[in-house]
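Undergrad: Predicted model follows, preceded by the sequence.
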Amino acid sequence: MPTNVYFNPGVISEQRLYEDMIEESLRIYGQDVYYIPRSIRNLDKVLNDAVSNEYNQAYLIEMYVDESGYTGEGTIMSKFGLEIRDQAKFVVSRRRWENFIGRENTTTIGGRPNEGDLIYIPLSGTFFEIKFVEHQDPFYQLKKLYVYRLQVELVQYASEVIDTGNENIDVFETLKTYDIEKQIDVDQP
């Protein structure tokens, strides 16, 4: 059976209304997080992978934690020690993302959130790394895409430079970095 001929899902005014409703619901049920785009400092030409990353900017934007909060494998005890593998899914409005972050053109692949970028949640003080960006879910409602779904995982810190100018974010680097400049006093008995 074909779609109803009396309804046209491509009407711009209906698309804007639907987009406004999505943004309003994200502002009501979401939370303020910081989106931190990645800058690649040193690129391995053979593997086409970043050897070291740098995070210099942070953008405050609202996102919704999809489903039931943190999921994933949780805390695992292995022969290498304790690993925390928390995962989550975030939903962010395309229009809000483009207005606040996309227009700055600070992401590696312009026009959308990128894998490798960070999300900082001030309420819990945790950092998540974007592992995958689903940009076609839900699939073309009213003939348009309205949200990005971000699959994120708890950050495994690997000596990246975090210097955004926000003290709450920048302190993460000092807490996780091993300081080799510490002096050992050998004169003490």
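TA: Done, it's in.
Undergrad: contacting residues around stretch 125-142?
TA: Residues from elsewhere that reach stretch 125-142 (Cβ atoms under 8 Å, 6 or more residues apart in numbering): 9-11, 14-15, 18, 86-88, 90, 112-121, 145-157, 168, 172. (Each C-beta comes from the backbone N, C-alpha and C, glycine too.)
Undergrad: ditto for stretch 31-45
TA: 49-65, 90, 92, 97, 101, 106-108, 113-114, 116-123, 161-162, 164, 166, 169.
Undergrad: Strands - which of these land there?
TA: Secondary structure assignment by DSSP state E places 49-55, 59-65, 90, 92, 118-121, 161-162 of those in strands.
Undergrad: Dead centre of the chain: give me the residue that sits there.
TA: residue 119 (3.8 Å; Cα atoms, centre = their mean).
Undergrad: pretty sure that one contacts residue 148?
TA: No - using Cβ atoms under 8 Å, residue 119 is not in contact with residue 148; the gap is 11.8 Å.
Undergrad: ok, and the closest non-adjacent residue to residue 22?
TA: Among residues not flanking residue 22 along the chain, residue 146 sits closest, at 5.2 Å (Cβ to Cβ, 6 or more residues apart in numbering).
Undergrad: The one you found - how many residues pack around it?
TA: The local packing of residue 146 (other Cβ atoms under 10 Å) involves 18 other residues.
Undergrad: What separation do you get for it and residue 153?
TA: According to Cβ to Cβ, to the nearest Å, residue 146 and residue 153 sit 24 Å apart.
Undergrad: Residue 119 and residue 111: what is the separation?
TA: Distance of residue 119 to residue 111, computed by Cβ to Cβ: 18 Å.
Undergrad: actually residue 150, not the one I wrote
TA: 15 Å.
Undergrad: Neighbour count for those two, which is higher?
TA: residue 150 (24 against 12).
Undergrad: which residues touch the helix or strand hosting the more buried one?
TA: Residue 150 is part of strand 147-154 when elements are defined by DSSP states H and E. If you take Cβ under 8 Å, 6+ apart as the criterion, strand 147-154 is touched by 22, 63, 66, 72, 84-94, 97, 112-113, 119, 126-135, 137-138.
Undergrad: need the longest helix for the chain.
TA: Ranked by residue count, the top helix of the chain under DSSP state H comes out as helix 12-29.
Undergrad: Low-confidence ranges, the chain, go.
TA: Under the criterion pLDDT under 70, the flagged ranges of the chain are 1-2, 6-8, 43-44, 48-51, 68-85, 105-109, 142, 174-189.
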